[in-house]
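# can't give you the sequence, but here's the structure:
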């Protein structure tokens, strides 16, 4: 589904975004950022652009400055966070719920911004990288208990960025969070052929769960 192209100023830089609205008024807006190795054409983001508008939602997806510049290594955290805040300020809707989040790093940085009291109605963290393989003993959870907004985690049971059982403990420590486990999915939402499922089946599961959750918050 085609969308409206936006350019969002982040300090002296600018990043690209695409807004895909529904036919009528949007009941909610979901602002989505991809993982560290992806960009505005992230396949899961493109899938959401075909699902959410049909459910009455407006999808805004964007990329960070390093991807805009064609670089491989992510920007430093302050610039990533500034980018999230700039995008939220630019696309904040006048009506309907505002939900932010994304896959892996995109969602992680959104969670840091929300923990710093950026106002949103919900936070969707997809494949949250709690225990990165290179530093599994240093979990990325210190800020999560500060998040009061309703939060949804969707995490694969084969995700090597999450130590077994660790995300459930983190969710229990948050004031308003729920965890949905994706059976057999890895960090990229891929599943084994022997499971009888495909990556697209997992995408559909995530979208279904997220839409149900958005209706409830």
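On my side now, so go ahead. What you see is a predicted model, and the numbers here were worked out from it, not measured in a lab.
# Next, give phi and psi for the closest residue in space to residue 90 that isn't next to it in sequence.
In this structure, residue 90 finds its nearest non-sequential neighbour in residue 8, 4.9 Å apart by Cβ to Cβ, 6 or more residues apart in numbering. Where C-beta positions appear, they are placed from N, C-alpha and C, glycine not excepted. Phi and psi for residue 8, reported as degrees, to the nearest 10, are phi -120, psi 130.
# so residue 8 touches residue 84, yeah?
No. Look at residue 8 against residue 84 with Cβ atoms under 8 Å: they stay out of range, at 10.5 Å.
# which residues sit against stretch 38-46?
16-18, 32, 34-35, 59, 61-63, 67, 103, 126, 189, 203, 206 (Cβ atoms under 8 Å, 6 or more residues apart in numbering).
# can you rerun that using 7 Å?
16, 18, 32, 34, 61, 62, 63, 67, 103, 189, 203 (Cβ atoms under 7 Å, 6 or more residues apart in numbering).
# State the phi and psi torsions of the residue in the chain sticking out farthest from the centre.
Residue farthest from the centre of the chain, counting by Cα atoms, centre = their mean, is residue 194 at 28.0 Å. According to degrees, to the nearest 10, the main-chain angles of residue 194 amount to phi -70, psi -10.
# do the same with residue 5
Here residue 5 shows phi and psi, under degrees, to the nearest 10, equal to phi -80, psi 140.
# How much space separates it from residue 16?
Computed as Cβ to Cβ, to the nearest Å, the residue 5 to residue 16 distance reads 7 Å.
# So for the two, which sits in the more crowded spot?
Neighbour count, other Cβ atoms under 10 Å: between residue 5 and residue 16, residue 16 has more, with 15 against 10.
# list the contacts for the residue nearest to residue 143 when sequence neighbours are not counted?
Once flanking residues are discounted, residue 143 sits nearest to residue 115: 4.1 Å by Cβ to Cβ, 6+ apart. Residue 115 is in contact with 143, 146, 147, counting by Cβ under 7 Å, 6+ apart.
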